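# Sequence and computational prediction follow.
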Amino acid sequence: MPYDYKFDRERCWFKGVCSLYNNPDKCYRACMRFMEFDYLYYQSCIPVKLQYPIELRPDKADREAFLRLRDIKDNIVDWVAGGNSLLIYSAQCGNGKTSWAIKLMQKYFEKVWAGNGFRCRGVFVNVTEFLMLAKESIKQSDEEFEMLKNNIREADLVIWDDIGVTALTKYEYDLLMGLINNRVLHGKANIYTSNSTEEKLEEYLGQRLKSRIYNESEIITFVGGDRRGER
C-alpha cells in the first residue's frame, strides 16, 4: 500500500516533550519532525502498538545486560555505522528482547530524522510473518513484498525478531540466508532476537546461517522471567 501521510496530533511521538504541542497555531500538519517520523515508522513495519517508547525495568539477574544495551543505545549512531550485529537471547518469553530491539531502533530514528529526506533507515522483521508473506508471494507477484525485501537490503538497521522458531524449508533458508548474508557482507547493522539456544539455531537454520547470526554478533542473554503485563 502506498504511503499516505496523515497528521494526527494525538499520536505524535513527541507530544510529551515538544514545546509546540499545546499551541495549535504552531503544532500543525507541516511539522517536519512529525512527517519524517511518520515516514520512518511507516517504512519500518514496527507494529503501531510498539512504536511508542516504554520504560523497561530489568529483573535483578538482567541488570548487566540492560546496562550493556543502554551503552549501545547511547552510542547507536556509531554502532549502526560500524555495521555491528547483536543477538538478544533468552530461553524465557516476555522479558524484554523485542522491546529492547525496538528501543534501539527508536533511538536511531531520533538521531537521524533531521535531514533524512524521507528514506528508509530501519526495518522490523517478524521472521515468522515475513516467511508467510514470502510463501504467499510465490503464488502471486507482490510489489509490496518486493519493496520490503529491497528495504531490508538497503536499510541501515534491521531487526530480525524471533528468529529460529522452527526448521526452515529450502526456499525459506535461501531467502533468509541471501538477505542476512548480503547485509553482513555490506556492513549493515542487524539485531536478532531469539528463544533458541545455539544448538537449536543450528538445527533450525543450518550451520552457515547460524554462523552468520551467532558467530558474528555480540550476544546478550536475558535470564529473568516473563514480565508481560507488569506496570
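Received the coordinates, thanks.

# those helices in the chain, which residues are they?
Applying DSSP state H to the chain gives helices spanning 32-44, 63-74, 76-81, 97-112, 127-139, 143-154, 170-185, 198-205, 207-210.

# Just name the most buried of the ones you listed.
Comparing the helices of the chain by mean neighbour count (mean count of other CB atoms under 10 Å), helix 97-112 comes out on top with a mean of 21. Backbone N, C-alpha and C define where each C-beta goes, glycine included.

# ok now that helix, how far from the chain's centre?
Relative to the mean C-alpha coordinate of its chain, helix 97-112 is positioned 7 Å out (CA atoms, centre = their mean, to the nearest Å).

# got CSV for the helices of the chain, with distance to Lys26 too?
Shown next, in CSV, are the helices of the chain (distance: least, CB to CB, whole Å):
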stretch, distance to Lys26
helix 32-44, 12
helix 63-74, 30
helix 76-81, 29
helix 97-112, 21
helix 127-139, 39
helix 143-154, 33
helix 170-185, 40
helix 198-205, 51
helix 207-210, 50
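
# out of these, which comes closest to Ile191?
helix 97-112 (4.7 Å; CB to CB).

# who's in contact with the closest one?
Applying CB atoms under 8 Å, 6 or more residues apart in numbering, the external contacts of helix 97-112 come out as 37, 40-41, 44, 46, 50-51, 53-54, 56, 66, 69, 72-73, 76-77, 80, 86, 88-90, 121-122, 124, 156-157, 159, 161-162, 191, 193-194, 222.

# any chance of the helices of the chain in TSV, with mean pLDDT and distance to Asp8 too?
Output for these, formatted as TSV (pLDDT from 0 to 100; distance: least, CB to CB, whole Å):
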stretch	mean pLDDT	distance to Asp8
helix 32-44	92	9
helix 63-74	96	27
helix 76-81	98	27
helix 97-112	96	18
helix 127-139	91	25
helix 143-154	94	23
helix 170-185	96	33
helix 198-205	95	40
helix 207-210	96	40
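
# Centre-most residue in the chain?
Ile159 (3.1 Å; CA atoms, centre = their mean).

# Pull the contacting residues for it.
Ile159 neighbours (CB under 8 Å, 6+ apart): 101-102, 105, 122-125, 190-193.

# one more time with 10 Å, if that's ok
44-46, 86, 88, 98, 101-102, 104-105, 122-127, 189-193 (CB atoms under 10 Å, 6 or more residues apart in numbering).

# what does Val165 give?
Contacts of Val165 (CB under 10 Å, 6+ apart): 127-128, 131, 194-196, 200, 204.

# if you set the cut-off to 7 Å instead, what comes out?
Residues in contact with Val165 (CB atoms under 7 Å, 6 or more residues apart in numbering) are 127-128.

# From Ser85, how far out is it?
19 Å (CB to CB, to the nearest Å).

# So in terms of bridging, what pairs with the residue nearest to the centre of the chain?
Counting by DSSP bridges, Ile159 is bridged to Phe124, Ile191.
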